[in-house]
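Enquirer: structure of the sequence below:
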Amino acid sequence: MNRHVPTLAILTAVLALGACVSPSDRLTRAEIAPRQTGIEGRWAAVGGPVAYTATFSGGSFSSTEDATGAPLATGNYRNVGPSQITINSRSNTSGQESAINCSQMAADRMACVTAGGTRFELTRRA
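Expert: Predicted coordinates:
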């Protein structure tokens, strides 16, 4: 028996599997979307009584209820240090103003606390 037959069989199998990936399936690093960093973007509330999305854009802050799309609060934010922001918002339902401090713990996670001591977390939305 020829001792090259098993090696030839393995090589043929590897080449056949490699052919299953078309050139369009091969992505370069430039084609893969970079992971978003910083505060800018959309963030989802983690837990809590109401599911909502907070949006940070160019110093403006807004939040909307996920189920209805109703605006919950609007305001502004500013950077106060590396991965630290302060939000000044006004509730659309009660008119109450709030001061909130947030720390970005990871690219996709932010921990916040209101001036009254209420803590909550946000996670980045895609």
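Enquirer: only C-alpha atoms for contact and neighbour calcs from this point on.
Expert: Noted.
Enquirer: ok, which stretches of the protein are strands?
Expert: Counting by DSSP state E, the chain has strands at residues 41-46, 52-57, 60-65, 71-81, 84-91, 97-106, 109-114, 119-124.
Enquirer: in a markdown table: those strands, plus mean pLDDT.
Expert: What follows is the strands of the chain, written out as a markdown table (pLDDT from 0 to 100):
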| stretch | mean pLDDT |
| --- | --- |
| strand 41-46 | 97 |
| strand 52-57 | 98 |
| strand 60-65 | 98 |
| strand 71-81 | 97 |
| strand 84-91 | 98 |
| strand 97-106 | 97 |
| strand 109-114 | 98 |
| strand 119-124 | 97 |
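Enquirer: export those to CSV and append columns for mean neighbour count.
Expert: What follows is the strands of the chain, written out as CSV (neighbours: other Cα atoms under 10 Å):
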stretch, mean neighbour count
strand 41-46, 19
strand 52-57, 20
strand 60-65, 20
strand 71-81, 17
strand 84-91, 19
strand 97-106, 17
strand 109-114, 18
strand 119-124, 18
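Enquirer: what's the burial count for S83?
Expert: Neighbour count for S83, taken as other Cα atoms under 10 Å: 16.
Enquirer: my read is that it contacts E40, right?
Expert: No: counting by Cα atoms under 8 Å, S83 does not reach E40; the two are 11.3 Å apart.
Enquirer: who touches both of these two?
Expert: Common contact partners of S83 and E40 (Cα atoms under 8 Å, 6 or more residues apart in numbering): none.
Enquirer: partner residues bridging S57?
Expert: Taking DSSP bridges as the rule, S57 bridges to S60.
Enquirer: doesn't S63 make contact with it?
Expert: No: S57 lies out of contact with S63 (Cα under 8 Å); the separation is 11.6 Å.
Enquirer: and stretch 81-95, how far apart are its ends?
Expert: From its first residue to its last, stretch 81-95 covers 28 Å (Cα to Cα, to the nearest Å).
Enquirer: can you check stretch 72-91 too?
Expert: End-to-end distance of stretch 72-91 (Cα to Cα): 6 Å.
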